[in-house]
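1. Kindly generate the corresponding structure for this input.
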Amino acid sequence: MINVGVLGATGAVGQRFVQLLSDHPWFNLQTLTASERSAGKSYCDAVNWRLDEPFPESAGEIIVKDTTVDCVKDLDLVFSALPADLAGGLETAIADAGVGVFSNASSHRMDVDVPLVVPEVNPDHLGLIDVQRDRGRDGFIVTNPNCSTIVMVMALNPIRNRSFSDVRVATMQAISGAGFQGVSAMEIYDNVVPYIGSEEKKMETEPLKIMGRLDGSVIQNAGFSVSASCHRVPVIDGHTLAIWADVKEEPDLIKDDFRNYRAPFSGLPTQPTKSIHFFDKEQDRPQPRLDRRRGDGMTVSVGRVREGLRFIAMGHNTIRGAAGASVMNAELAVSKKVL
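-> Numbers count the residues shown, from 1 in each chain. Below is the predicted model:
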């Protein structure tokens, strides 16, 4: 078994990490960290469990530690659910101390030697781990993208061999993406908020790195541009995206791409049977409430493919779009024997 820990284990994404790792066949969840006010308590006493999954009793008696390098330096891997303002320096120090860091935070996503990975889309980008090691780092950092970015690049992946240079996207993002305290009821009830801080910039830059080409030790960005407009809507879980791309082929050909798509590998514990679920006939799907838990929350659903090219994509933002993405990145790294 591979000994792992979760940084920031009491928050929304941290709880999702704990849920996914508590009975993982490859990873032994050994260490949980949080803020100073939670340190020293058992996890069951420190956390206000809010997920729609039973509390994992196997994690309940783990004593929560303050988030420091010393408390995780004996682990093989850590999963980071830290806020970006704390993650940058801590993740760097932990990786320098010889531990693999799989981060959901945005701090290192655009670092030139840090892979920004969605396993089905760019598994070869894990080669940047060797670049980090060649520069003297004993551990490494691997990041997963923003939650909406993941849904978008997953949905674009089946058609990436088609010619397109301009992608436009409008997001309808669930409130869980802002964390437990992120959006007040008075702000979101009976409302749509047409702004999410820094979200549009992430969606316009991260896909170019993810869908780019690893050329030796550097990523050559993909040759298309993205224009994004991001909105918070009164949905609990599940981000919905309306996507436009300047693909010239007929919709029937694009539908075949989605129908025939298969992931480039299989056998990872968190990997869904189908990475993409395509709604061929239903005009009113995907919908968050009906479709977010497909593939245990790891499947991205696509529908309403029309000329233009226009289509809808939807995925679970805290599973596929956050903790699940990071866990699957770690599984991919283990399968490629990079540890």
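2. all strands for the protein, in order.
-> 2-7, 27-34, 65-66, 77-80, 100-103, 140-143, 166-173, 213-215, 218-220, 225-232, 239-245, 276-278, 300-306, 310-315 (DSSP state E).
3. Nearest to Asn122 among those strands would be which one?
-> strand 213-215 (7.7 Å; C-beta to C-beta). Where C-beta positions appear, they are placed from N, C-alpha and C, glycine not excepted.
4. who touches that closest one?
-> Asn122, Asp124, His125, Gly127, Leu128, Ile219, Gln220, Ala222 (C-beta atoms under 8 Å, 6 or more residues apart in numbering).
5. okay but the fifth one is in contact with Arg109, surely?
-> Read it as Leu128. No. Between Leu128 and Arg109 no contact is recorded; they are 12.0 Å apart, counting by C-beta atoms under 8 Å.
6. how's the protein carved up into domains?
-> Domain segmentation of the chain under automatic domain parsing yields 2-146+322-335, 147-316.
7. so what's the residue lying closest to Ile175 once chain neighbours are set aside scoring on pLDDT?
-> Leaving aside its sequence neighbours, Ile175 sits nearest to Val183 (C-beta to C-beta, 6 or more residues apart in numbering; 4.8 Å). Looking at Val183, its pLDDT stands at 93.
8. Also Gly11?
-> Taking Gly11 on its own, its pLDDT is 94.
9. That one: what's it in contact with?
-> When contacts are counted by C-beta under 8 Å, 6+ apart, Gly11 is found next to Ala81, Gly179, Phe180.
10. nearest residue to the last one other than its sequence neighbours?
-> Translated: Phe180. Distance criterion C-beta to C-beta, 6+ apart; nearest residue to Phe180, sequence neighbours excluded, is Ala12 at 5.3 Å.
11. how close does that neighbour sit to Val167?
-> From Ala12 across to Val167, the span is 28 Å (C-beta to C-beta, to the nearest Å).
12. coming back round to it: okay, the domains of the chain, which one's buried deepest?
-> Highest mean neighbour count among the domains of the chain (mean count of other C-beta atoms under 10 Å): domain 2-146+322-335, with a mean of 20.
13. Can you give me the first-to-last residue distance of that one?
-> 12 Å (C-alpha to C-alpha, to the nearest Å).
14. Which parts of the stretch 151-300 of the chain are helices?
-> With helices called from DSSP state H, counting those that start in this stretch, the stretch 151-300 of the chain shows them at 185-188, 199-210, 251-260, 288-291.
15. And the ones you listed: which comes nearest Val101?
-> Of all these, helix 199-210 sits nearest to Val101, with 18.0 Å by C-beta to C-beta.
16. for the closest one, packing partners?
-> Packing partners of helix 199-210 (3 or more C-beta pairs under 8 Å, 6 or more residues apart in numbering; DSSP states H and E): helix 147-156, strand 166-173, strand 225-232.
17. angle of the last one against helix 199-210?
-> For strand 225-232 and helix 199-210, the angle between their directions (axes from the mean of the first three to the mean of the last three C-alpha atoms, to 10 degrees) works out to 140 degrees.
18. Pull the residues that contact strand 225-232.
-> Under the contact criterion C-beta under 8 Å, 6+ apart, strand 225-232 has outside partners 148, 165-173, 175, 177-178, 183, 188, 192-196, 199-200, 203-205, 207-208.
19. Kindly recompute the last result at 6 Å.
-> Residues outside strand 225-232 that contact it (C-beta atoms under 6 Å, 6 or more residues apart in numbering): 166-173, 192-194, 196, 199-200, 203-204, 207.
20. what mean pLDDT would you report for that strand?
-> Mean pLDDT, computed over strand 225-232, is 98.
21. Quick one, which of the helices and strands packed on helix 199-210 gets closest to Ile319.
-> Taking the helices and strands packed on helix 199-210 one by one with C-beta to C-beta, helix 147-156 is closest: 9.6 Å.
22. by contact count, what packs against the closest one?
-> On a contact count with 3 or more C-beta pairs under 6 Å, 6 or more residues apart in numbering; DSSP states H and E, helix 147-156 meets helix 199-210, strand 239-245, strand 300-306, strand 310-315.
23. Quickly note the distance from the residue nearest to Ala222 when sequence neighbours are not counted to Thr205.
-> Counting by C-beta to C-beta, 6+ apart, Ala222 lies nearest to Met211, which is 4.1 Å off, once chain neighbours are set aside. Distance, Met211 to Thr205, using C-beta to C-beta: 12 Å.
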